[in-house]
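Q: could you look at this predicted model? Sequence included:
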Amino acid sequence: MSAVNEDGSWEVPEPDKAELVQMRIRLITLENIVLGLLSGASSEQIEQIRKRADMIEPRPEASRHPLTELAANDMRKFLDRAARLTDNADHGEAE
């Protein structure tokens, strides 16, 4: 259980193995939901997501972080995967 310290910070216990497995399952579920939604998105929506990926930068007072850059690349990969789903659906195929 999480607890609030006197200074307002949180003490959060590390997830156990079962919780990590559940988080992985949920992440896979959410990824597939997002892919499904993106495969039906308009070209304007896709372009907005591409622009947003290009805009991902650290806050002004922060330094560049590899995970931030990986997130932007993952956004682009999701768009590519969604486009393949759309192409496959247009041709009656499954991924």
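A: Here it is on my side, so go on.

Q: when you work out contacts or count neighbours from here on, use the C-alpha atoms and nothing else.
A: Noted.

Q: Thr86: neighbour count?
A: Neighbours of Thr86 under the rule other Cα atoms under 10 Å: 21.

Q: Pro15 now?
A: That count, for Pro15 with other Cα under 10 Å as the rule, works out to 10.

Q: now find how far off-centre the lowest-mean-pLDDT helix or strand in the chain is within its chain.
A: Ranked by mean pLDDT, DSSP states H and E, the weakest helix or strand in the chain is strand 3-4, scoring a mean of 80. Between the centre of strand 3-4 and the centre of its chain there are 28 Å (Cα atoms, centre = their mean, to the nearest Å).

Q: contacts for it?
A: Here strand 3-4 makes contact (Cα atoms under 8 Å, 6 or more residues apart in numbering) with Trp10, Glu11, Val12.

Q: confidence score at the last one?
A: It stands for Val12. pLDDT, Val12: 84.

Q: could you check how far it is from Asn5?
A: 11 Å (Cα to Cα, to the nearest Å).

Q: now swap in the second one and tell me
A: In this view, Glu11 and Asn5 are 7 Å apart by Cα to Cα.

Q: sheet-wise, list the partners of the least confident helix or strand of the chain with their directions.
A: Based on DSSP bridges, the pairing partners of strand 3-4 within the sheet are strand 10-11 (antiparallel).
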